[in-house]
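>>> one predicted model, sequence on top.
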Amino acid sequence: MGAEALRDGRTSAQRLRDDILALVRDEGLRPGDRIPTEAELKERFGGSRPTIREALKLLEQDGIVDVEHGRGRFLTATGTLEVHRPITRFESITEMGGAFGYIYENRVISVSEEAPDRGLASILRLESGETAIRLERLRLHAGEPVIYCLAWVRRSAVPRRLYEVDWGGSLLDLLGSLGGRPRMSAARVRATMLPVEVVERHDLRDFGPALVIEETAFTQAGLPVIRAADYHKGSHFAFDFVRK
């Protein structure tokens, strides 16, 4: 299947990760139990070895499995908890929406290159004279707006003219195609309403309370490339987390 995004927004590795989690629960594995090997997973689910290894790496990153070199992979206590939508998982809005069963229609409201204010320049570590791309979008499901997105992207991360870029897709994938895909983020979640000017400008009076995720996304080298505020319609989203 490869690593391309499937119709529900998940990649083949992400789907296999979820299949492995379902297997763990179906078989009643407990903390400390060994999970199936790569060969056993290939026999059961198919797929390529790179996809299987990527799925296992995702489980390791989520703290669900521990790797003991020479012995195998073992289930942690985290792996037995029923956390359906861990908010700590770093993924695109499209991927997250697929897990909720949403298939988005993306509407680009505006895109422009602008000089950042002092706060944004500090967050993105921009030098004097550097600019950022301001991107405003709506995500609709079944014709209903469910996410309002405002993102600022480091201009130097997109070495193309604005009109040459398809802004309707995943920003993570876009930056990945340009050689600088973000790998992690620092985020905060809070309950709020859409800003009044956004409601009035885009006729979003029925949007209601929102869960906004404000985050700064970083490349593997630690360079901040995106600052985003994604307002998720409160009636459509809920996120889980594990406290340790």
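Yep, that arrived.

>>> where do the helices of this structure begin and end?
Ranges of helices in the chain, per DSSP state H, are 12-26, 38-45, 49-61, 93-99, 118-123, 171-177, 196-202.

>>> closest to residue 107 out of these?
Evaluated over those, closeness to residue 107 peaks at helix 196-202, with 9.4 Å, by CB to CB. Bear in mind the C-beta positions are built from the backbone N, C-alpha and C, glycine included.

>>> show me which positions of the closest one end up buried.
By neighbour count with 16 or more other CB atoms under 10 Å, helix 196-202 contains the buried residues 198, 202.

>>> circling back: quick one: the helices of the chain as TSV, columns for mean pLDDT too.
What follows is those, written out as TSV (pLDDT from 0 to 100):
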stretch	mean pLDDT
helix 12-26	86
helix 38-45	92
helix 49-61	89
helix 93-99	72
helix 118-123	96
helix 171-177	91
helix 196-202	95
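
>>> quick check: which of those helices is buried the most?
helix 93-99 (a mean of 21; mean count of other CB atoms under 10 Å).

>>> how about the contacts made by the residue nearest in space to the middle of the chain?
Centroid-nearest residue in the chain: residue 91, 1.7 Å away (criterion: CA atoms, centre = their mean). Applying CB atoms under 8 Å, 6 or more residues apart in numbering to residue 91 gives the contacts 14, 172.

>>> again, but for residue 188
Counting by CB under 8 Å, 6+ apart, residue 188 has contacts 213-215.

>>> got these as JSON lines, with neighbour count and pLDDT columns?
Below are the contacts of residue 188 laid out as JSON lines (neighbours: other CB atoms under 10 Å; pLDDT from 0 to 100):
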{"residue": "213", "neighbour count": "22", "pLDDT": "93"}
{"residue": "214", "neighbour count": "17", "pLDDT": "96"}
{"residue": "215", "neighbour count": "20", "pLDDT": "95"}
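
>>> let's have those in a markdown table, adding distance to residue 149.
Shown next, in a markdown table, are the contacts of residue 188 (distance: CB to CB, whole Å):
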| residue | distance to residue 149 |
| --- | --- |
| 213 | 10 |
| 214 | 11 |
| 215 | 11 |
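
>>> which ones among these lie within strands?
Judged by DSSP state E, strands contain the following of the contacts of residue 188: 213-215.

>>> nearest to residue 158, of those?
residue 215 (18.4 Å).

>>> residue 103 versus the closest residue to that closest one other than its chain neighbours, what's the distance?
Distances taken as CB to CB, 6 or more residues apart in numbering place residue 187 nearest to residue 215, at 3.5 Å, with adjacent residues excluded. Relative to residue 103, residue 187 is positioned 24 Å away (CB to CB, to the nearest Å).

>>> tell me who's in contact with residue 16.
Here residue 16 is in contact with 41, 45, 47, 51-52, 55 (criterion: CB under 8 Å, 6+ apart).

>>> now the helix or strand of the chain with the lowest mean pLDDT, how far from the centre of its chain.
Ranked by mean pLDDT, DSSP states H and E, the weakest helix or strand in the chain is helix 93-99, scoring a mean of 72. Counting by CA atoms, centre = their mean, to the nearest Å, helix 93-99 is centred 7 Å from the centre of its parent chain.

>>> do the same with stretch 35-48
The mean C-alpha position of stretch 35-48 is separated from the chain mean by 26 Å, CA atoms, centre = their mean.

>>> do stretch 114-124 as well
On CA atoms, centre = their mean, the centre of stretch 114-124 falls 23 Å from the chain's centre.

>>> end-to-end on it?
14 Å (CA to CA, to the nearest Å).

>>> and of the contacts of residue 16, the nearest to residue 26?
Among those, and counting by CB to CB, the member closest to residue 26 is residue 45, at 13.0 Å.
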